[in-house]
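*Asks:* only geometry, no sequence info:
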């Protein structure tokens, strides 16, 4: 402030090329701003975020003795940090800055025939920003120490890559996976497009690496139970599900050998259950491993199926690896940052009755096809029809099975991205492995967007795959032959078609995994309207979330293929490592403050806080509310509710908000 405490505010308007200047009068808003109380200087520039634009702010603060800055430009999500820095470089506290969003909230929604209205609205926005800026106070960010460890939740290829990158950067990393083995969906694939590399040949070395890396603690068969804390200091409680079998490390801790993966136990187990890894197309025992390349190579008991006959205990002998009375445990891990990589599942495509999945034996989905065509799958790589074990000669592939579907039900409006490409791969495998086979692809549009993807599409065309453009309306079965009739419209020919095939493969839509919604809520992560975890910014921060210290990797954020998943995992690992390497993290001072002198200690605000940042404590013999500043996000829920007005929201104080409302309603009078 100046010596007489009179605010002196600088107002700056950005043209943003024609994004703003093309829809409203910059000069008109400038002249209006000059008439507002406390405005000491007004200026404009084509791109205020550029170096010359920022230099204007820095120089004018010193030349005109400004005490506050208003920039009328784009969204604060983009450039608020930019202009805060310029404000600080000019010698002011960086929180004496306010941004008026006259682009997203004005010019972009009033682009045609509303010049005067958009200009008037911009004047209102600037007037409100000036009114608040006159009451802004100096705020001081706080720093908190960061625990030098990270956690990755989900051990598919994205989680594996993120864990390896963190561990290779010297960071202790806990890799959490709810199933008994790492690998995720990629471990179920036969080959990968467009190079047709063996999926396990690529993935298995990474699975082994996470099991061996000295900085990685592998926590398979664990689930997130509870999360407390904040960036730098998360306390994550895991449910260590009772595996019934001791790992070598667990065995050595109590003086026994533990499981060596010999498999003797499974040979004597009398209980047979469907193997979920093979989608029920192959059996497993009540004590099992999913497949030969699991990591870690430790057997697991399905206690829901186990009859506790003790045969496995007897044959295990001196190794003493089996404990039929094992119970769940709840260890707590302290970490500084967290990466969520919880992957995807397929929608329950059987609910799309018109396609006959689970009604007709020879209708399968894409992941079931992967297991049937895979050499390590239930048929040893020999593709057979489920109904009779015969080799199919004519196979239809239905694309967008539940994707790009706006009809009520289980369908999803989004594109699942990888379905087109894996169906092209499947068509190639049919033609390659079965002499004289015919592949039919029923599609809406082929979306071959990645590197060498379009060339792969051309290759499949040249191999003889038949493409029929049209959404499949119905699939019916011939009860005698078990063949399937695929009914669709060929939009290129302009007529309906009926194609008889031996087998149909549905490219079912991807959706978030069961339990992902619960997990994200425990970490305070939002979801987009389609259910995927929401990134902090789709362009500038696709790996971050609105919860500081929590990052996203892979398909849990949105459908993507393996290269994009691995790339995002690397980005998330890099972002998660920064606070740990810095040793401390600076928190924005937008947290609530309890005015304890007038706090009645009613506690009504405690359960309202979505970030669990509030608690009742005893001071001077009475209850008062206390804020954990590092957890508070300044959302204002508590401040708006407090019946005694005892909660102050920094940078959004009641006088500041009322000043903005008055400025709008009274027109500056």
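*Replies:* Nice, I can see it. Note that the structure is a prediction, hence the values are computed from the model and not measured.

*Asks:* Could I get the full set of strands for the stretch 201-350 of the chain?
*Replies:* According to DSSP state E, counting those that start in this stretch, the stretch 201-350 of the chain carries its strands in the segments 216-220, 222-230, 233-240, 272-274, 283-285, 287-288, 300-301, 332-335, 337-340, 344-346.

*Asks:* what's the answer for the stretch 451-600 of the chain, then?
*Replies:* Per DSSP E, counting those that start in this stretch, the stretch 451-600 of the chain carries strands over the ranges 466-469, 472-477, 484-490, 495-501, 503-508, 510-512, 550-552, 584-587, 592-594.

*Asks:* mind putting those strands in a markdown table, distance to residue 326 included?
*Replies:* The way it works is simple: take the backbone N, C-alpha and C, and place the C-beta from them, glycine included. Putting these into a markdown table (distance: least, C-beta to C-beta, whole Å) gives the following:
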| stretch | distance to residue 326 |
| --- | --- |
| strand 466-469 | 54 |
| strand 472-477 | 46 |
| strand 484-490 | 47 |
| strand 495-501 | 48 |
| strand 503-508 | 36 |
| strand 510-512 | 30 |
| strand 550-552 | 31 |
| strand 584-587 | 39 |
| strand 592-594 | 45 |
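
*Asks:* and the ones you listed as JSON lines, adding distance to residue 232, mean neighbour count and mean pLDDT?
*Replies:* JSON lines is the format used below for those (distance: least, C-beta to C-beta, whole Å; neighbours: other C-beta atoms under 10 Å; pLDDT from 0 to 100):
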{"stretch": "strand 466-469", "distance to residue 232": "53", "mean neighbour count": "17", "mean pLDDT": "98"}
{"stretch": "strand 472-477", "distance to residue 232": "52", "mean neighbour count": "18", "mean pLDDT": "97"}
{"stretch": "strand 484-490", "distance to residue 232": "55", "mean neighbour count": "19", "mean pLDDT": "97"}
{"stretch": "strand 495-501", "distance to residue 232": "57", "mean neighbour count": "14", "mean pLDDT": "97"}
{"stretch": "strand 503-508", "distance to residue 232": "41", "mean neighbour count": "29", "mean pLDDT": "98"}
{"stretch": "strand 510-512", "distance to residue 232": "27", "mean neighbour count": "24", "mean pLDDT": "97"}
{"stretch": "strand 550-552", "distance to residue 232": "12", "mean neighbour count": "29", "mean pLDDT": "98"}
{"stretch": "strand 584-587", "distance to residue 232": "5", "mean neighbour count": "17", "mean pLDDT": "90"}
{"stretch": "strand 592-594", "distance to residue 232": "19", "mean neighbour count": "21", "mean pLDDT": "93"}
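
*Asks:* dump the residue contacts of the closest residue to residue 95 other than its chain neighbours.
*Replies:* Excluding its sequence neighbours, the residue lying closest to residue 95 (C-beta to C-beta, 6 or more residues apart in numbering) is residue 139, at 4.1 Å. Shown in contact with residue 139 (C-beta atoms under 8 Å, 6 or more residues apart in numbering): 93, 95, 589, 650-651.

*Asks:* Spatially, which two of these are the most separated?
*Replies:* Spatially, the most separated pair among these is 93 and 650, at 12.3 Å (C-beta to C-beta).

*Asks:* Of the two, give the one with the bigger neighbour count.
*Replies:* residue 650 (19 against 16; other C-beta atoms under 10 Å).

*Asks:* In contact with the more buried one, which residues?
*Replies:* Counted by C-beta under 8 Å, 6+ apart, residue 650 has contacts 137, 139, 589-593, 634.

*Asks:* do you know how far it is from residue 229?
*Replies:* Going from residue 650 to residue 229 by C-beta to C-beta, to the nearest Å gives 21 Å.

*Asks:* residues near the closest residue to residue 46 other than its chain neighbours, how many?
*Replies:* Leaving aside its chain neighbours, residue 46 sits nearest to residue 15 (4.8 Å; criterion: C-beta to C-beta, 6+ apart). By the measure other C-beta under 10 Å, the count of residues near residue 15 is 16.

*Asks:* my guess is residue 15 contacts residue 43, does it?
*Replies:* No: counting by C-beta atoms under 8 Å, residue 15 stays clear of residue 43, with 11.8 Å between them.

*Asks:* Grab the nearest non-local neighbour of residue 84.
*Replies:* Per C-beta to C-beta, 6+ apart, closest to residue 84 is residue 94, 4.0 Å.

*Asks:* can you give me the helices in the stretch 551-669 of the chain?
*Replies:* Taking DSSP state H, counting those that start in this stretch as the test, the helices found in the stretch 551-669 of the chain are 562-582, 637-641, 654-665.

*Asks:* Lovely, talk soon.
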